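Q: Generate coordinates for the sequence data below:
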Amino acid sequence: MKTIEPESIEWFFADQENIHVRVFPTDWDKKLSIIHAKIEAGQTMTDHHHERADNGHEIYFFYKGGHFKYRIGGKEGEYNDTEPMYLFIANKERHTITNLDDKVLEFQAIYTPRFEMDEVRY
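A: Numbering: from 1, shown residues only. Okay, the predicted model is just below:
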């Protein structure tokens, strides 16, 4: 078993996407990436999509719930609850999230296959 201490991983601001992220190393498995992300209060993630290898996808897991609007492909929704929820995003689906709360919105992004920096398109 391998473990990673979250406090040992640095946050950075991905300005093109308007989101704070820290990428958990997944060197032991090339099949996925795990990213801890947060969107500041009142901020919107830049509308974008991914051109992923092997028709991959991503899952956003909001483990603390939250109050936010989202758009994935042509579908829009709003969530306002403290219960966990997730969003599934298929390859090449445009998506964005707006944090409607007065506190930071945190979530995990799980990518399969592994996330590559050059796959993001605006």
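
Q: Can you pull up the most central residue in this protein?
A: With distances taken as C-alpha atoms, centre = their mean, residue 109 lies nearest the centre of the chain, 3.8 Å away.

Q: who does the host helix or strand of it pair up with?
A: Here residue 109 sits within strand 105-112, counting by DSSP states H and E. Under the criterion DSSP bridges, strand 105-112 sits next to strand 33-39 (antiparallel), strand 57-62 (antiparallel) in its sheet.

Q: would you list those strands in a markdown table and tack on mean neighbour count, mean pLDDT and distance to residue 103?
A: (C-beta placed from N, C-alpha, C; glycine too.) Shown next, in a markdown table, are these (neighbours: other C-beta atoms under 10 Å; pLDDT from 0 to 100; distance: least, C-beta to C-beta, whole Å):
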| stretch | mean neighbour count | mean pLDDT | distance to residue 103 |
| --- | --- | --- | --- |
| strand 33-39 | 19 | 91 | 10 |
| strand 57-62 | 18 | 95 | 13 |
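
Q: Excluding chain neighbours, what is closest to residue 48?
A: residue 122 (5.1 Å; C-beta to C-beta, 6 or more residues apart in numbering).

Q: so who does the one you found touch?
A: Counting by C-beta atoms under 8 Å, 6 or more residues apart in numbering, residue 122 makes contact with 16, 46-48.

Q: With residue 94 instead?
A: 47-49, 71-73.

Q: so what's the nearest residue to the residue nearest to the centre of the chain once chain neighbours are set aside bridging to?
A: Nearest residue to residue 109 in three dimensions, chain neighbours excluded: residue 35, at 4.3 Å (C-beta to C-beta, 6+ apart). For residue 35, the beta-bridge partners under DSSP bridges are residue 23, residue 109.

Q: All good on my end, thank you.
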